[in-house]
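Asker: quick one, structure for this:
(2 chains)
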Amino acid sequence: MNKFESALKNNDFICSECPRCNKLVWPPSDFCNTCLNQVSWRSVSRFGTLIEFSKKDKTLFCIAEFENAIRIMGTLETRSKIPLIGQRVQMVKCEFNGNAKFTFQLE
Amino acid sequence: MKKVAVCGVGLTKFNSDETTIESLMLSAVKSLFDNTSNLTQGQVDVVITSTNDNIKYLASIVSEMSGISPRVSHSVESLCNSGTNGAVSAFSYIASGLADVAIIVGAERFENPGLVLDWDQSRGQYKHPIYWSSMFTRAHIRKYGTTLEDLAIVSAKNHKNALANPYRYFDREYSVEDIMKSKNLTQDIRLLDCSFPCNGSAAILLVSEEMARKFADCPVWITGIGQKTISAGFTKNEDLTSMKSTQLAAADAYKMSKRESKDIDVAEIHDAFSICEIIELEDMGFAKKGDGSHYVKSLYTTEDRRINPRGGLLGSGHPLGATGIAQIAEIAQQLQGSGGKRQVKGAKVGLVHNMSAAATSSTVLVLES
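Answerer: Numbers count the residues shown, from 1 in each chain, chains lettered A, B, ... in the order given. Predicted coordinates:
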């Protein structure tokens, strides 16, 4: 299990960041995908933006974007609200059990 | 750069029988030798295999089983566009002068890996392709008003076209209503909007200009090649109503061939899901953005086979490593006038589009008789 996956297992959402380019490196990696410098790691804001969503049975799934840099798919909990593209979402849970798993909630 | 032609094809019936990958490939190679006059094992310089199977040293195994001792033999894997990647590799060997005669054989077993890209953690728990295709579909519906019926028409057209393809996986016609009533996998994807993994194999013979007429009276020249990888992870697709890798690969292929979309008489394009055909038609210039579904509807109602005459992936089945090779084989046959009941009358210029992993990479080829 790598650093990113270990963090997910503890419900921590972290990402690699390049101190030289001052940007998040996504997907997580040991080296910057622009300058190939060694990265550092930091927590990512759990608040993001809803990019797109659909539904399987009664479960909504979506793409959400965090810090204008990281787009991921996860389950969307609406709390009985109607989702709208561009709406603010919160990552309420991240997990790792061989595979990453993310849960978002409408604000 | 030397000119390179498709001079022979070998196809097998797509199915779901128990078999091995080397057996599937050998069947396609045998079909290629049966179909190609004057071809002997000793003339083959290159054997390239394309598959997602985990077997090792496959190109050498297939070479030995076929009685070929090539100078170059290796496998190419690139998920769903493994086949066209193998063809481009072989093209390069011939165009550079390193080889004159190459066999590219693609195959897949229905249960092979390759459907899901485990590496892509950005997909979270939604790794199956129905989820990325749902995102593309919903975005297109939202932006352009595309309907679920529009999607069903894509599938109905390609299933109908496939009935004239003797190597197809599906043996029956599906109406728009059948497709609309098939199981809802998600809000935006029904079962019959999906291509099905299956067994299948296909082979092509690529030959240098100097030797092409030894094997074919009407060689089909590869005049344009475009390939682009934008990422491996699906969520790097910024605009979910477009496939950027396809736009860029098509632009390069058109530029190299000095052709435009209006010059293309017949095309096989990668309809892994119904929405893919609509977006690809728009991104390669066959229809304006937002008009892809109207164009498909006009093809369906007029029984025009210009797009996916063999039935595409939806109608023919999708044995990943074989798909790109089968697409090239179809366009080569069309441009030679040997498309049988599928023939697009007078076709002289054709296009193949083959992509992988939610269009994170695409290959586009232009072929001419």
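
Asker: for the residue most central in space within chain A, give me the pLDDT.
Answerer: Note on chain A: the residue nearest the mean C-alpha position is A:I72, at 5.0 Å, using CA atoms, centre = their mean. Here the pLDDT value assigned to A:I72 is 97.

Asker: surely it touches A:F102?
Answerer: Yes: in terms of CB atoms under 8 Å, A:I72 counts as a neighbour of A:F102; the distance is 5.6 Å. For glycine as for every other residue, the C-beta is placed from the backbone atoms N, C-alpha and C.

Asker: name the residues contacting each of these two.
Answerer: The contact sets of A:I72 and A:F102 overlap at B:G124 (CB atoms under 8 Å, 6 or more residues apart in numbering or on different chains).

Asker: can you confirm the residue nearest to the centre of chain A is in a strand?
Answerer: Yes: checked against DSSP: H, G, I helix; E, B strand; the rest coil, A:I72 lies within a strand.

Asker: find the nearest non-adjacent residue to it, please.
Answerer: Spatial nearest neighbour of A:I72, chain neighbours left out: B:S122 (4.9 Å); criterion: CB to CB, 6 or more residues apart in numbering or on different chains.

Asker: so who does the one you found touch?
Answerer: By CB under 8 Å, 6+ apart, B:S122 lies in contact with A:W26, A:P27, A:I70, A:R71, A:I72, A:M73, B:G233, B:F234, B:T235, B:K236.

Asker: so what's the residue count around the first one?
Answerer: A:W26: 22 surrounding residues under other CB atoms under 10 Å in any protein chain shown.

Asker: picking up where we left off before, quickly list what the residue nearest to the centre of chain A is bridged to.
Answerer: A:A64 (DSSP bridges).

Asker: where's the residue nearest to A:I72 relative to A:I63, distance?
Answerer: 9 Å (CB to CB, to the nearest Å).

Asker: so what sits against both of those two?
Answerer: Listed as contacting both B:S122 and A:I63 by CB under 8 Å, 6+ apart are A:R71, A:I72, A:M73, B:T235.

Asker: what's the distance between the second one and B:K127?
Answerer: For A:I72, the distance to B:K127 under the criterion CB to CB works out to 12 Å.

Asker: hang on, the earlier thing: and the contacts of B:S122 as JSON lines, adding distance to A:E95?
Answerer: Converted to JSON lines, the contacts of B:S122 look like this (distance: CB to CB, whole Å):
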{"residue": "A:W26", "distance to A:E95": "19"}
{"residue": "A:P27", "distance to A:E95": "17"}
{"residue": "A:I70", "distance to A:E95": "17"}
{"residue": "A:R71", "distance to A:E95": "18"}
{"residue": "A:I72", "distance to A:E95": "13"}
{"residue": "A:M73", "distance to A:E95": "14"}
{"residue": "B:G233", "distance to A:E95": "19"}
{"residue": "B:F234", "distance to A:E95": "20"}
{"residue": "B:T235", "distance to A:E95": "18"}
{"residue": "B:K236", "distance to A:E95": "23"}
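
Asker: list just the nearest of these to B:Q187.
Answerer: B:Q187 has its nearest neighbour among the contacts of B:S122 in A:M73, at 15.0 Å by CB to CB.

Asker: is the closest one in contact with B:R123, as I believe?
Answerer: Yes: counting by CB under 8 Å, A:M73 does reach B:R123; the two are 5.0 Å apart.

Asker: joint contacts of these two?
Answerer: Residues touching both A:M73 and B:R123 (CB under 8 Å, 6+ apart): B:Y131, B:F234, B:T235.

Asker: now do the contacts for the second one.
Answerer: Spelled out, it's B:F234. Shown in contact with B:F234 (CB under 8 Å, 6+ apart): A:M73, B:L117, B:D120, B:S122, B:R123, B:W132, B:A357, B:A358, B:T360.

Asker: so how far is chain A from the nearest residue to B:I230 once chain neighbours are set aside?
Answerer: In this structure, B:I230 finds its nearest non-sequential neighbour in B:S245, 4.9 Å apart by CB to CB, 6+ apart. Distance of B:S245 to chain A, given as CB to the nearest CB, to the nearest Å: 17 Å.

Asker: same deal with B:S69?
Answerer: 42 Å.

Asker: so that residue makes contact with B:V47?
Answerer: No: counting by CB under 8 Å, B:S69 does not reach B:V47; the two are 9.5 Å apart.

Asker: identify the contacts common to those two.
Answerer: Taking CB under 8 Å, 6+ apart as the criterion, B:S69 and B:V47 both touch B:S63.

Asker: more crowded one of these two?
Answerer: B:V47 (29 against 13).

Asker: by proximity to chain A, which residue of the stretch 201-350 of chain B wins?
Answerer: B:T235 (3.7 Å; CB to the nearest CB).

Asker: ok so, going back, so which of the contacts of B:F234 wins on neighbours?
Answerer: When neighbours are counted by other CB under 10 Å, B:A358 leads those with 30 neighbours.

Asker: is that one in a helix, a strand, or coil?
Answerer: Taking three-state DSSP, the label given to B:A358 is coil.

Asker: pLDDT score for it?
Answerer: In this model, B:A358 is scored at 94, pLDDT.

Asker: cool, and B:I331?
Answerer: B:I331 carries a pLDDT value of 98.

Asker: do I have it right that it meets B:N354?
Answerer: No: with contact defined as CB under 8 Å, B:I331 does not count as touching B:N354 (11.2 Å).

Asker: quick one: neighbours of B:S60, just the number.
Answerer: Around B:S60 there are 17 other residues, counting by other CB under 10 Å.
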